[in-house]
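**Q** quick one: sequence and predicted model below, then my questions.
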Amino acid sequence: MADLFDTPGGPEAPAKGRPLADRLRPAALDQVIGQDHILGPDAPLGVMLDSDTLGSLIFWGPPGVGKTTIARLLAGETDMHFVQISAIFTGVQDLKKVFEAARIRRQNGQGTLLFVDEIHRFNKAQQDGFLPHMEDGTILLVGATTENPSFELNAALMSRSQVLVLQRLELKDLERLAQRAEQELDLALPLDGPAREALLEMADGDGRALLNLIEQVSGWKVDAPLGPDALATRLMRRAAQYDKSGEHHYNLISALHKSVRGSDPDAALYWFARMLEGGEDPRYLARRITRMAVEDIGLADPNAQAVCLQSWETYERLGSPEGELALAQALTYLALAPKSNAAYVAYKAARQAAKKTGSMMPPKHILNAPTGMMKDQGYGAGYAYDHDAEDGFSGQNYFPDGMQRPVLYAPVERGFERDLKKRLDYFVKLRAKRDS
C-alpha cells in the first residue's frame, strides 16, 4: 500500500493540469474555510496543537468540508509522516503493511499520522486491529466518516479518539471559496448576482462540489453575464445528501415529526419534500404520518386518523407523483389539528401498571360464572348492570381487589378532548357519590 502524501500527478505537475480543487487545497490550517469551531485558537485542534497534545481523532461531517485537508495539514504541523488509505479499498494485508512501515518509521524517530477515509466501512475486527498500534504510539489515527460514529464505530475505538464534528459550508464560506477560485483562475465568473448565489446553493454546502462547478462555468464563452435561468439550463443541481437507511433518514423524519407536533405546516411540508426529493418511499411517509395522528393528536381530533388512512389509500390508488399530494394534505391537516398525547401517555402508563400487577385477578363481581362451582366461589356476585342504573353508570370498581385505583388518562383542554374531559369529570363525581 503506497503512502499518499502527494496529490495525483506529483508535486512537479503543472498547475493547469491539476483540478481546481487540488490547486486550491489550503497550505496551512489558517487557510481552511468554515471550520473555525475546531481550528480556532481556543477550539479543540487549536488547543491540542498549541499544547503539543494531539491525539487520535475522528472527523465526522458531510463530504467536501475539509476532512482530508485538515488531516494532511495536521501531519505537517506535527512533523509526522502522512499516510492516507480508504476503508473501501484496503484489506487486512494492506493494513499489515501500513502498520509495519509505521513501526519502522517510529524506530527511526518519526511518527505516522494515518488518515483513514470512510473508516466506518471497516468491520468490527478491522477496527479492533487499529487499537494496539494506537496504544503503543505506532500511529496517530485520524479517521473520517460521513456517518454517525456513535452507531458505526466500536466503543473501544471511540474511547481512544476524540470526535470532532465538521460542518457543511455556509453561503458566506462558499463565497470566500469562489473568490479564491477567481483569483486562481484570474477571471471573474460570467454570472450576475442572482446566478452567482444560485451557483453557491447548487453546491449544497460542499466545497469540492462548488470548485468543480466553478471549473465548468469558468470555461464558458458568453457575451454577457448569465442569469439564474440560463445557469440552470447549463448545470445540473447537485443531488441532496440523503441516505434512506442512515442517519440523514432519521434526522429528517425527526424534523418532520416535530414540525407536525409543533403545529408548523410550512416546516412539515418542507421536510416532507426534502425526504421525497431524496428518494424516500412515500409509503414509509404515509405510515409515519398516520403514526403522528395516533401519537400526537389522538382524541383531540378523532378524525385525524381517518384523514391519514384515506390519504394513504388515495396514494395507493393514484401512485406517484399525484398521490404524494394526498399525503401532503394529510400532513397539513395534522399540523393544524389540536394536539394531545393524553391517550398515548395513558397507554404507556397502563403497560407499566400491567407489568407491576400482572398476576392480580379481576374482582370477582365482574367475572362470569358459567358453572355452579364458580357461583359458589362468588363469581359474578354483586355485579351491577350499568344499564339498570338511572344514569347508566354503576360506579363499580373494575380494577383488581387490593390495587389502588390509578389515574391513567388525563385529557387536555383542546379539541374534542375538551368534551371528553367533561365526561370524565362527570363520571369521577358520580363514582365519588356512589362510593360515599
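**A** Yes, it's here. Residues are numbered from 1 along each chain as shown.
**Q** and the strands in the chain?
**A** 57-60, 81-86, 112-117, 140-145, 162-165 (DSSP state E).
**Q** give me the distance between the two termini of stretch 133-141.
**A** Using CA to CA, to the nearest Å, one end of stretch 133-141 lies 9 Å from the other.
**Q** can you list contacts of it?
**A** With contact meaning CB atoms under 8 Å, 6 or more residues apart in numbering, stretch 133-141 is reached by 54-57, 78, 80, 99, 102-103, 106, 111-114, 116, 130, 160-161. Any C-beta I mention is one placed from the backbone N, CA and C, and that applies to glycine too.
**Q** could you report the neighbour count for the nearest residue to residue 188 once chain neighbours are set aside?
**A** Nearest non-adjacent residue to residue 188, counting by CB to CB, 6 or more residues apart in numbering: residue 182, 5.8 Å away. Around residue 182 there are 14 other residues, counting by other CB atoms under 10 Å.
**Q** what about residue 182, distance to residue 306?
**A** 58 Å (CB to CB, to the nearest Å).
**Q** same thing with residue 149?
**A** Taking CB to CB, one finds residue 149 at 43 Å from residue 306.
**Q** likewise for residue 198?
**A** 43 Å.
**Q** the more surrounded of the two?
**A** Using other CB under 10 Å as the criterion, residue 198 and residue 306 rank with residue 198 on top: 19 against 12.
**Q** list the contacts for the residue sitting nearest the centre point of the chain?
**A** The chain has residue 251 as the residue nearest its centroid, 2.6 Å off, counting by CA atoms, centre = their mean. Contact criterion CB under 8 Å, 6+ apart gives no residues in contact with residue 251.
**Q** equivalent analysis for residue 168, please.
**A** 61, 62, 65, 204, 205, 206.
**Q** let's see that with 10 Å instead.
**A** 34, 61-65, 174, 203-207, 241 (CB atoms under 10 Å, 6 or more residues apart in numbering).
**Q** list the buried residues for stretch 402-419?
**A** Of all the residues in stretch 402-419, those buried under the rule 16 or more other CB atoms under 10 Å are 409, 411, 412, 414, 415, 416, 417.
**Q** mind putting those in JSON lines, distance to residue 359 and pLDDT included?
**A** Shown next, in JSON lines, are these (distance: CB to CB, whole Å; pLDDT from 0 to 100):
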{"residue": "409", "distance to residue 359": "24", "pLDDT": "92"}
{"residue": "411", "distance to residue 359": "30", "pLDDT": "92"}
{"residue": "412", "distance to residue 359": "34", "pLDDT": "91"}
{"residue": "414", "distance to residue 359": "38", "pLDDT": "92"}
{"residue": "415", "distance to residue 359": "38", "pLDDT": "93"}
{"residue": "416", "distance to residue 359": "37", "pLDDT": "92"}
{"residue": "417", "distance to residue 359": "33", "pLDDT": "92"}
